[in-house]
Each structure stands twice: as structure tokens, then as C-alpha cells.
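>>> Mind folding the following:
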Amino acid sequence: MRSFRRRTLLFLSPFLFFSCLTAAPVRESEIPGLDEATLVRLEKLLAEDEVFSVLQDLTTLERENPDRWNGEYEDLRGRTERRLEDRLSGEEEKEEWARALSLFRALQAVKGEELYTRDAEQSLMLKEAEALFQTGEVIPSLVSFARVLEYPPVNPDLLLLWVERARVEGHRALVTQIIGYLESRGEPVPPDLAEWEAQKPATGELMSGTVTVWVNRGIKLEQGMGYADRVIGSGFFIDKRGYLITNYHVISSEVDPKYKGYSRLFIRLPGSGNDRIPAEVVGWDPVFDIALLKTVYDPGYVYSFKENESYRAGDTIYAIGSPAGLENTITSGIVSATGRRLLEMGDSLQVDVPINRGNSGGPLLNPQGELVGVVFAGIEQFEGINFAIPSFWIAPRIPSFYQGGKQELPWLGLSLYEGKQGLEIMYVFPGSPAARGGLAPGDLLKTLAGSEIRTLRDAQQRLLSLEGQPLIRLTWQRKEDRQEGLLAPSARPGNPLEDALSKDTLEGWVVPFFGMILESTGGRDYVIRNLYPGFPADETGLSVDDPLTIYKWTYQEDPGVLLMQLRVKKRKAGFMESVIQLGNYSRAGNLL
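All right, here's what the predicted structure looks like:
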């Protein structure tokens, strides 16, 4: 199990822990003007088939320079859209439904749902799901079909076909979802199907779907003595072909290019004694701490992620895992709290289920035996404070894990503050899609791909639901004006704030790290012009208009902490001079 032993002090100090707030400096726009050089650049991008970048830039240029927009740019946009339409037709002819769906949604963002309707989108989604099923990718096909249910109505005969497929594969979550869909529309549910769905899985069945995950990392030396270096975690099967889920941090030495030592991955089945079966890592995501493994084994039970939020604080939950390597251990407790922001994206469940080293990657269940989360961390010094990743953050992304490799999350390049006015953009990362799209500090994010956005959670959930979509339309409020634009998401950097240290000025990156906007008064002297609640600067007692001098700052790559020493004359203390140190982790959870 992941431990917060080294991070306990930072966890207890709000100004040193992850913050769900961030801010941004004012900088000159990265949007070029409408001139011959810009037109040449865009024509070159089109010749390289960078259609999404061209459409994003054209939308931004038209909005920012309406008086200089002319026929040449309109012609370029028309040719770019036709290029995109031709690519869509080509993918449909080749029956590459996943690519076709991606291009269709890009055109939907450009031209709207009047021309590219949800009915046509649903048809492509059904074709993609069926193609996955026919090629043997059954679990990805079932997860893909679940998305179709968001676009009613669906033919009842088609629902019965897919619900039977789900039952054969033991995908209880989809069976439950389809039964609910049928009942909500007054359609009959086959009695045998309803009876199967109502049967709660026995504890023995649940146990047979879990494993102990072993990573043998050879021998480590400490004070001249050699010790076996092993990482022990838990996992659970989601596919009868031997695919299973665990935490990334359990198996990181298998795929992390920074790790240079020995590493061998095995699983141990319940009741198998010391027998170990080799396994391999298929796909992994360090941001959400999830990995998909593959082994040669036909499990007796497979789990399926429950996508909706069916839990509240106080609900009873159970965890199955291998604490300290003791397999088949089941513990019970309650959900202590929801919405804890511990990861770089999404939120976590706080639970009081007894969890120890070795539980990482194990399933978290409700009393019905439904999978509601994945255990990932605890604080060793504080009994009963443990955490799990809610299943709805993971479930829709399962098909992408089957494609293999490190998962690339979509990235817009924004740091956000959830305030009374809404979701405020407080920092725009240099060179990001948001910077090219013309978004600026102070803008209020309103909609993302047609969905209203009020909270950071709304924004991150919506962006993740658009994973693989090459163009996204969004709207934002700038003072009294409502603006609209297209963004072409890029791949999320490994550590965005760490990148900002090398790409921006101190006045820039100090905002997302410490939550203060500084104005230079010469040399190393500054005045605080704005503060954001919940950030280190605010929690340390600094105030707007406080003058300060920055002596030095240090970034410690491991564990990723930025420390800054400064002398400040606090206005609230009668301008009495004091020396303080600010610190914060670079793995912020308020980025988009």
C-alpha cells in the first residue's frame, strides 16, 4: 500500500499540501495577428495535415481580430473543414470506427450538432462497440456500449443482445445498467435476467477474483546488509482472459524508465500457497495510479466497475486484499468522506476500512458486492485514514488501457480556482492549447463540449470523458463578454508545474505554486497584488500590498517540492519584518 509516511507533515499543513486552487499572472497574448506570415504558417500546417491546429488557430484569430478577417482566411477554413470531412469518409470506408468517431466529434465541435447529429454519433458508437466485440476485445466492447446508453433511445432487441453478452462475461455492472434502462422505458425485463442480476455474489466468489501482486526487485543494501527488495500489492480480475487491475505505484519499477534495477512481476492466486504466475503490464496511468496487467489464467470471478456515484459518507464498504502479503483478507468499515483531492486529477474516497501495506490495488466494495473503488493509499501514523479511487473515474477509461502503454490524458493547459463566481482561470501554461486558444487569467470557464461547468470536478470529469477527441468547443466569460473557441487538446505533461519552472518567469509560476500575484518593484523586491484562499501564501498570513524580498527558491525533484525563502513586511502586523519559507508540492490537483 502506498504510504504517506514522508508526507504527513505536509498533509497536515494546508499551505504545504496539494491545493485545489491555483492562479495566474497577466502576460502578453500568445495569439499572433492576422498577417501574411500567419497565413503562410497556417497553410504549412494544413499541408502537414495538422487540421486540428489550423481550425483551433483560425477560430482564435477570427475572434481576436474580427476587423481584419478576410476571404483568404475563410477560404482556408473551408478547405480545412473539407479535409477533415474527407478523412472521416475514408475512415468509415475502412471501417475504422474508433478513428471515424473521433473525427466525427471534431466536426461536431466545428459545425455543431445540427449537421453532425447525436443520432449519427450513436450509430458510430454502436459500430465501434460491435467491432471490438467481433475482434475478441469483449470487455472494452461492453464498456464502449455503456456509453451508447447516454444517447437514448436504444432498440430493445439490441439491448437484450448486449445484456446477454454482459451476463456471459460476468459484467454485472452493465447488466444492472441495462436492466435499469429497460425499466425506465417500460420495456419488459426477461425474468431469468432479473433473477441473475438480483443474486448477490458470495464472499467466496469475490475472493476468487482477487490476487496478490508481487514485484521482485532483487536485493537492496542497507548499512552493509542485504535485504530482499519486494513490493507487495493486491489486484482483481476484470476479464476472463486474465486481465486484472492494480495500482501503478505497485508495479512502477516494471515500466518507469527512471528505474534501472532488477524487476520481475508475478501474481499469486488465492489458496495457491507460494506458487507464482508471471504477469506483464499492459497499460498504466501514473496520474490516477492505475495499471492493467495480463496473466495466463481463467479467473473464477471477474469484477466490473460501477460507474455512478452510489455512496455517501457513512455507507458501509468492504476491502479485499493482501495486507503484509496475507492473502484473502477482507475488512469492513465506512466511507468517512468523499471528494478528497489527493491525486493530480479527480478526487478520492476517504475510508476507515483497516488497510495496510499490501492492500494497494485491491477492490473496494459495497454490501451488494459491487465494485465502487480501488484502494491506493493510507497514512500509517493515523489509524483509520485511508483512501480509494472511486470507480467512476476509472470505468470509462478501461478500453484505452487495453490499447497498451502509458495512458496520455488530455491537456488544455489551465490552472483553475473554484470560487464564488465559478471556475476561474488563474494561470495559463505557456505554449499550451489554452494559450494558443486565447484564454487568459481571470476568465470564468462556462462550458466544455456543450456541458455546463461549475466546479473543478465538473471540468475534469468532462475533459476525461472527451479523451481522444481532437477538438473541443468551450465558452468562457471575460468581464462582461461571453467568448467561444476551439481547443485541440495535447497530451498532459508528466509534471506540468515542473515544466512551468523552466518555461515561465518567477512572477508567472509563483501563482500556481503559492497562490499570489506579484508585481516587481526592482531586483528581487515585489509587492503582492492578489492572493487566493487556500494557497500557501494565504495560509501563511500574507496580505495584498505586503512588500517582500525573495532570497532564493529551491525545487527538489524528489519528492517534487518547491521551497521559497522570503523576507516580508506584513501589513497586518504593522509592517513588522519577518522571514518565512513557503513550500508546496508540484503535483497539483487543480489543473486541466
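
>>> ok, now which ones touch Leu463?
Leu463 makes contact with 410, 412, 448, 472, 489, 592 under the criterion CB atoms under 8 Å, 6 or more residues apart in numbering. No exception for glycine: its C-beta is placed from N, CA and C like everyone else's.

>>> Just read off the phi/psi values of it.
Dihedral angles of Leu463 (phi, psi; degrees, to the nearest 10) stand at phi -60, psi -40.

>>> Which stretches in the stretch 251-400 of the chain count as helices?
391-394, 398-402 (DSSP state H, counting those that start in this stretch).

>>> mind listing what's buried in the longest helix along the chain?
Among the elements of the chain assigned as helix by DSSP state H, the one spanning the most residues is helix 71-93. Buried residues in helix 71-93, defined by neighbour count with 16 or more other CB atoms under 10 Å: 73, 76-77, 80-81, 84-85, 87-88, 91-92.

>>> Take these and write them to JSON lines, including distance to Val544.
Supplementary listing: these in JSON lines, determined by distance: CB to CB, whole Å:
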{"residue": "Tyr73", "distance to Val544": "43"}
{"residue": "Leu76", "distance to Val544": "46"}
{"residue": "Arg77", "distance to Val544": "44"}
{"residue": "Thr80", "distance to Val544": "46"}
{"residue": "Glu81", "distance to Val544": "47"}
{"residue": "Leu84", "distance to Val544": "48"}
{"residue": "Glu85", "distance to Val544": "52"}
{"residue": "Arg87", "distance to Val544": "51"}
{"residue": "Leu88", "distance to Val544": "52"}
{"residue": "Glu91", "distance to Val544": "54"}
{"residue": "Glu92", "distance to Val544": "57"}
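
>>> Between all of those residues, which two are at the greatest distance?
Within the buried residues of helix 71-93, two members stand farthest from each other by CB to CB: Tyr73 and Glu92, at 29.1 Å.

>>> can you list the helices of the stretch 251-400 of the chain in JSON lines and add distance to Asp239 and mean neighbour count?
JSON lines is the format used below for those (distance: least, CB to CB, whole Å; neighbours: other CB atoms under 10 Å):
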{"stretch": "helix 391-394", "distance to Asp239": "14", "mean neighbour count": "22"}
{"stretch": "helix 398-402", "distance to Asp239": "9", "mean neighbour count": "21"}
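
>>> any chance of the ones you listed in JSON lines, plus mean pLDDT?
Converted to JSON lines, those look like this (pLDDT from 0 to 100):
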{"stretch": "helix 391-394", "mean pLDDT": "92"}
{"stretch": "helix 398-402", "mean pLDDT": "95"}
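
>>> Please identify which of those is closest to Gly314.
Gly314 sits nearest to helix 391-394 of all the helices of the stretch 251-400 of the chain, at 18.6 Å, using CB to CB.

>>> and the nearest residue to Tyr116 once chain neighbours are set aside, what helix or strand is that in?
On the basis of CB to CB, 6 or more residues apart in numbering, the spatially nearest residue to Tyr116 that is not a chain neighbour turns out to be Gln108, at 4.1 Å. Using DSSP states H and E, the secondary-structure element containing Gln108 is helix 97-111.

>>> And the residue nearest the centre of the chain, how far from Ala291?
Centroid-nearest residue in the chain: Met345, 4.6 Å away (criterion: CA atoms, centre = their mean). Counting by CB to CB, to the nearest Å, the gap between Met345 and Ala291 amounts to 16 Å.

>>> Same check on Tyr303?
Distance check for Tyr303 against Ala291: by CB to CB, it reads 15 Å.

>>> Ramachandran angles for the residue nearest to Ala449 when sequence neighbours are not counted?
In space, not counting the residues next to it along the chain, Ala449 is nearest to Ile472; the distance is 5.2 Å by CB to CB, 6+ apart. Here the main-chain torsion angles of Ile472 (degrees, to the nearest 10) amount to phi -130, psi 130.

>>> tally of neighbours for Ile472?
A count of nearby residues for Ile472, using other CB atoms under 10 Å, gives 25.

>>> before we move on, the earlier item: pretty sure the residue nearest to the centre of the chain contacts Pro286?
No: counting by CB atoms under 8 Å, no contact exists between Met345 and Pro286, whose distance comes to 10.9 Å.

>>> Low-confidence stretches in the chain?
Under the criterion pLDDT under 70, the flagged ranges of the chain are 1-34, 378-382.

>>> how about 50 then?
Confidence mapping of the chain against pLDDT under 50 gives the ranges 4-28.

>>> Pull up the pairing partners for the strand ranked longest in it, direction included.
The single longest strand within the chain, with elements called by DSSP state E, is strand 225-239. Within its sheet, and counting by DSSP bridges, strand 225-239 is paired with strand 210-222 (antiparallel), strand 243-246 (antiparallel).

>>> Show me which positions of the first one end up buried.
By that I understand strand 210-222. Along strand 210-222, the positions that meet the burial threshold by neighbour count (16+ other CB under 10 Å) are 210-217.

>>> mind listing the strands for the stretch 451-592 of the chain?
Per DSSP state E, counting those that start in this stretch, the stretch 451-592 of the chain carries strands over the ranges 451-452, 472-478, 481-487, 490-491, 516-522, 525-531, 547-556, 561-570, 576-585.

>>> Please list the strands that the fourth one pairs with in its sheet, giving the direction of each pairing.
Strand 490-491 pairs in its sheet with strand 410-411 (antiparallel), by DSSP bridges.

>>> repeat for the last one
Sheet partners assigned to strand 576-585 using DSSP bridges are listed as strand 561-570 (antiparallel).

>>> Would you confirm that the residue nearest to Ala449 contacts Ala109?
Yes: proximity of Ile472 to Ala109 meets the contact threshold set by CB under 8 Å, at 6.1 Å.

>>> List of residues touching stretch 316-326?
1, 206-207, 210, 212-213, 232-234, 236, 311, 328-335, 351, 353-367, 372-373, 375, 388.

>>> What are the buried residues along it?
By 16+ other CB under 10 Å, the buried positions in stretch 316-326 come out as 317-323.
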